[in-house]
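Undergrad: Just to be clear, the model below is a prediction. Sequence and coordinates:
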Amino acid sequence: MSPRRRRMLVVSLILAGVGLAAFFGLTAFQKNLLYFLTPSQVAQGEAPKGHSFRIGGLVVKGTVRRAADTLDVHFDLTDGNKTVGVSYTGILPDLFREGQGIIAIGKLSEKGVFEASEVLAKHDENYMPPEVAESLKASGQMPKPPEGTTP
Amino acid sequence: MTAELGQYCLLLALLTAFFQGTLPLIGAARGQRLWMESAIPAGRAQFIFLAIAFCALVNGFIENDFSILYVASHSNSALPLYYRIAATWGAHEGSMLLWAFILSGWTFAVTLFSSGLTPIFRARVLGTMGLISFGILLFIQWTSNPFLRLIPMPSEGHDLNPLLQDFGMTIHPPMLYMGYVGLAVAFSFAIAALLGGTLDAAWSRWSRPWTLVAWVFLTFGIVLGSWWAYYELGWGGWWFWDPVENASFMPWLVATALLHSLAATEKRGAFKAWTVLLAIFAFSLSLLGTFLVRSGVLTSVHAFASDPARGLFILVFLAVVVGSSLLLYGLRAPVIRDSTRFTLLSRESLLLVNNILLVTASASILLGTLYPLVLDALKLGKISVGSPYFARVFTPLMTPIVFLAGIAAMVPWREGQLSKILRPLRRIVLPVIGLTIGLSVVTDGVSDIATLAGIGMALWLVATQGLSLWNRIQHRKSLSEGVSALSMSFIGMNLAHLGLAVFVIGVSLSGSHSEEKVVKLSPGESASIGTYRFKFGGVHTVKGPNYHAQEGRFDVYDGERLVAELTPQKRIYQSQKNPMTEAAIDPGLTRDLYVALGEPLDKDAWSVRVYYKPFIRWIWFGGLLMMSGGLCSLLDRRYRIGSRKALAPASARGA
């Protein structure tokens, strides 16, 4: 095979590989992008219909209700301005507590309840998901960090 | 005092690294022998300084010296000694010091095992390593000094993150760093070759064992990390496509491509420029990985804003390393010419396809990992890329790799004949298909195409590896002669590909046959998965060194037979008051039984997670096989230190 043909071969192989990857990549990418919204944004109707997204905020104290026989759980999530109800079935993460900042992934139901497929709480008692921290700062509801914990 | 000693040695190392990064390179450019030779004592001195500095920090942890800020933030006097030592690399500052220490260790190794290198080449390799080390040490000293004092000294430390208080997690970072930093050696070899403008078979023979060792460590580190995530996070998954995991996986993919490309460069003098480029990419990705994981940028890009110096330094350092090496590549690569030709049907072509697929996979993971960060930094919105994206991109790219890996060993270098290659393959196609269908009937319920394809691919790989091994042996007079004539690198390749097959089986079967149940159980009640019955025996309190725990008891029956007694825990660590789930697993070759406690519900009832995970161990076992394949190749005769044969031209011996 002449050098030129070989080079053509190499180039076409690379192009085919890149094209294939771009195809798989971009279609999968499009489908799996998750936007982050605050409860205020959801209240304003910015939530995508029928699409998963992430929501973050503080678990409102006294709102965590469990079903008697199932693992269904319901709680309210707030960013200080607005509140969105969240329902979830399963085991909540270790650090899920009332007053704690969490992130949930799921969809908004017709009734305006966020049906979470996943609830995330980070493994650090001072941790606040950065998105949640920002939205709280924006609404002026940021709680003060407990003293003596950050060296 | 030890903190001051550590600080002092850190500064000395910084100074030494500066000289190691400048004098030998200037010497090499001017042909001054003495300046070139200075790289060796400088590299060794730097190793000693950093060893002392690192030990000083470890000592701070052992002695519970909470006057050191880093120790106070990440340790606690109730923490067992073993975890106190491991806490040294439990966070950013200490792990950067470990990184620098390991780099100096690799430098030291290069000074020891480089007698075969020409002085000028060695000077360039060590000089490049010195420059990298200088950059990292400057970063540590400037923005991430682990020896800062905390005044007044607190009486108690803040404790190590409970998740990290675990055996797998203590050795995972050092192993991973050995891999990351080992790629710096491959990188330095590539830079030295570009500086010198020559890239011959001897170069790839020198560079290959170093790359292999780094790859072996990287593989081991990733396997450990995956295993840890499985048993410690309590979710039963082994890979989450989490940015932290991706950060280690990207360099691994490129390093794997590099190993394959190096093979072609060594044997055939092909893909020289490409090999050099891969070495640059592999190391750049490990730098990126180190910074991504440890700098806090993944928790938030705004973590940079709280410490702008750190973020800026990282960006500048990455830009300098990547930019200057690519610039050098652009200037010098045209000089490096491939000395061979090959046809479409040759091992070179197949290796090229392998490389393109691996690099594309790595690039798509990079896209998914960095895109959200870039978007956030530009204030264009907050998004994240869901893990299905990675799986969906990765699987179609890897399927042809597994398929071609089977054929590659049977296709000769340079030019192959289709009929000759197909003849032996024809014999195994039908048995492989038959066995796949047979197995799927026996293990019942293999209904989906993906699992079937996965098992078929794995069997195909096993069969082709066996066939190529048989071909090798068969050509000799007797069986024993044939076996003894096998080169270690050939056996290594077979082992590694076998590991890939085992891995694929593990992924396919555990992916499709796993069962999960999340249930509410009161003492005396049971949950069933298939023939297994998990009987809950209630919860009682137990006490550990620095935690107390609620320990559940589960008797697992297979039919009527008791197969395991599992005791998962819910721990509360005293210093941080965080609850943590400790899963209990009954491991097995063909299945794992996995129980994790959820939350206490009303009365004595608990929410409980039970899993049945078939063949999941094969995933890590496959990884370990790949790793031992790498080790095996390393033992090959031609890499022996001081081997005279190593200097003979590459074409003298066949594949």
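TA: Right, received. Where do you want to start?

Undergrad: what are the ranges of the strands in the stretch 251-400 of chain B?
TA: With DSSP state E, counting those that start in this stretch as the criterion, the stretch 251-400 of chain B has strands at B:383-385.

Undergrad: cool, and chain A?
TA: A:33-37, A:53-59, A:65-66, A:72-78, A:83-89, A:101-108, A:114-120 (DSSP state E).

Undergrad: State the helix or strand in which the closest residue to B:Arg84 other than its chain neighbours lies.
TA: In this structure, B:Arg84 finds its nearest non-sequential neighbour in B:Phe61, 4.6 Å apart by C-beta to C-beta, 6 or more residues apart in numbering or on different chains. In this view, the C-beta of every residue, glycine as well, is placed from N, C-alpha and C. Using DSSP states H and E, B:Phe61 sits within helix B:39-62.

Undergrad: and that helix, what other elements does it pack with?
TA: helix B:2-30, helix B:69-74, helix B:81-86, helix B:92-112, helix B:119-143 (3 or more C-beta pairs under 8 Å, 6 or more residues apart in numbering or on different chains; DSSP states H and E).

Undergrad: Please spell out which residues along the longest one are buried.
TA: By neighbour count with 16 or more other C-beta atoms under 10 Å in any protein chain shown, helix B:2-30 contains the buried residues B:2-3, B:6-7, B:9-10, B:12-25, B:27-28.

Undergrad: List the residues that contact the residue lying closest to B:Leu253 once chain neighbours are set aside.
TA: Of all residues not flanking B:Leu253 in the chain, B:Ser362 sits nearest, at 4.1 Å (C-beta to C-beta, 6+ apart). Residues near B:Ser362 by C-beta atoms under 8 Å, 6 or more residues apart in numbering or on different chains: B:Met250, B:Leu253, B:Val254, B:Ala257, B:Leu285.

Undergrad: Among these, name the ones in helices.
TA: B:Met250, B:Leu253, B:Val254, B:Ala257, B:Leu285 (DSSP state H).

Undergrad: Out of these, which is nearest to B:Ala202?
TA: Nearest to B:Ala202 among those is B:Ala257, at 21.9 Å by C-beta to C-beta.

Undergrad: re earlier: could the contacts of B:Ser362 go into TSV alongside distance to A:Glu110?
TA: Below are the contacts of B:Ser362 laid out as TSV (distance: C-beta to C-beta, whole Å):
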residue	distance to A:Glu110
B:Met250	41
B:Leu253	43
B:Val254	47
B:Ala257	49
B:Leu285	45
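
Undergrad: Would you mind measuring from B:Ser284 to B:Gly368?
TA: 18 Å (C-beta to C-beta, to the nearest Å).

Undergrad: More neighbours: which of the two?
TA: Shown here are B:Ser284 and B:Gly368; by other C-beta atoms under 10 Å in any protein chain shown, B:Gly368 has more neighbours (25 against 20).

Undergrad: Contact partners for the nearest residue to the more buried one once chain neighbours are set aside?
TA: Excluding its sequence neighbours, the residue lying closest to B:Gly368 (C-beta to C-beta, 6+ apart) is B:Val385, at 4.3 Å. By C-beta under 8 Å, 6+ apart, the residues touching B:Val385 are A:Phe29, A:Asn32, A:Leu33, A:Leu34, B:Gly368, B:Thr369, B:Tyr371, B:Pro372.

Undergrad: confidence score at B:Val385?
TA: B:Val385 carries a pLDDT value of 85.

Undergrad: Beta-bridge partners for it, please?
TA: Taking DSSP bridges, one obtains A:Leu33 as the residues bridged to B:Val385.

Undergrad: Run a quick neighbour tally on B:Val483.
TA: 13.

Undergrad: Residue ranges in chain A under the pLDDT threshold?
TA: Within chain A, the ranges that satisfy pLDDT under 70 run A:1-3, A:122-151.
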